[in-house]
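Undergrad: structural data only, the sequence is not supplied:
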């Protein structure tokens, strides 16, 4: 489903992918060549008192470290394996060259329980100046049931003709399978920066969807389904009991460029978004858990085709079950046959 690459140490790779200036391709190349002359390229600066090795390890959050926390880009969040924690952004540690990079940690109360890996092993960004963290989002973009983290940072070159021109850089973290650990998703990060899907979180999600399609990664919901039962309704719905019963047994089919309802096939594309259980409850007046949704976030999908059909809007329960929504009524759809390699 995805390729996870821990951290690239080779400066050439960082130069080629870390600095996607929001200028023309020609200007971008000139900036890359200049940064390459100073070795690794990527980001930093910000004056702060150096921290001791003891302070920098897992453990108690000292007062001086707290002073460097970027409060507006720190969030209380429930993360798989960690539970309720604080995702915290911190200013870089100052050094003689001014090339430290922004830091990210997980906090539990006053304890540091996890340090996120940097772009380089020593968390440096030679030749660049860190400006600020623009945005942080928690999205399960690879559909593995675990929240990934997408971060947009702003940097500027320390020297050269583009010194005054800042640029944005995406960094995507994904959770390691079976481990209490995050890794930098280098493939996704490089793609988003290379093709300038790094302005906003929305543009990043658009770029991720395009990347996954280019890589031939099939959506988890592709396949054939049968609606097996009605599982509930919103506070307001527009179907009679007879109409609801007529939907049971309807067959649906979702493919990359087509959608079929009871054998009627039409060309289509899909719109996807991550939907929270809290938002679901607010929108429909019913708890998602009462309808079979186990996760706090799940994928909401709309079939982008003209007309009004059963199966046009649904939520992914898991790889074999969908929650289909139609006129205020929720139906469970089960996969007719499991996917085979």
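TA: Yep, it's here. Just so you know, these numbers come straight off a predicted model, no measurement behind them.

Undergrad: what about residue 103, distance to residue 250?
TA: When distance is defined by CB to CB, to the nearest Å, residue 103 is 52 Å away from residue 250. C-beta: built from backbone N, CA, C; applies to glycine.

Undergrad: these two: which has the busier surroundings?
TA: Under the criterion of other CB atoms under 10 Å, the comparison of residue 103 against residue 250 puts residue 103 first, with 22 against 19.

Undergrad: residue 76 touches residue 84, doesn't it?
TA: Yes. Taking contacts as CB atoms under 8 Å, residue 76 lies within contact range of residue 84: 7.0 Å.

Undergrad: need the contact list for the residue most central in space within the chain.
TA: Geometric centre of the chain, nearest residue: residue 139, 3.7 Å, by CA atoms, centre = their mean. Contact partners of residue 139, counting by CB atoms under 8 Å, 6 or more residues apart in numbering, are 147-150, 201, 205, 274.

Undergrad: give the closest residue to it in space, chain neighbours not counted.
TA: residue 274 (5.3 Å; CB to CB, 6 or more residues apart in numbering).

Undergrad: contacting residues around the one you found?
TA: Residue 274 sits next to 139-140, 297-300 when contact means CB under 8 Å, 6+ apart.

Undergrad: what are the bridge partners for residue 315, then?
TA: Bridge pairing for residue 315 (DSSP bridges) gives the partners residue 300, residue 323.

Undergrad: who does the host helix or strand of residue 246 touch, helix- and strand-wise?
TA: Assigned by DSSP states H and E, residue 246 belongs to helix 241-247. Secondary-structure packing of helix 241-247 (3 or more CB pairs under 8 Å, 6 or more residues apart in numbering; DSSP states H and E): strand 223-233, strand 329-335.

Undergrad: show me what contacts the residue lying farthest from the centre of the chain?
TA: The C-alpha centroid of the chain is most remote from residue 242, which lies 41.6 Å away (CA atoms, centre = their mean). For residue 242, no residue meets the contact criterion (CB under 8 Å, 6+ apart).

Undergrad: okay, now the unreliable bits of the stretch 151-300 of the chain?
TA: Across the stretch 151-300 of the chain, residues meeting the criterion (pLDDT under 70) sit at 177-178, 216-217.
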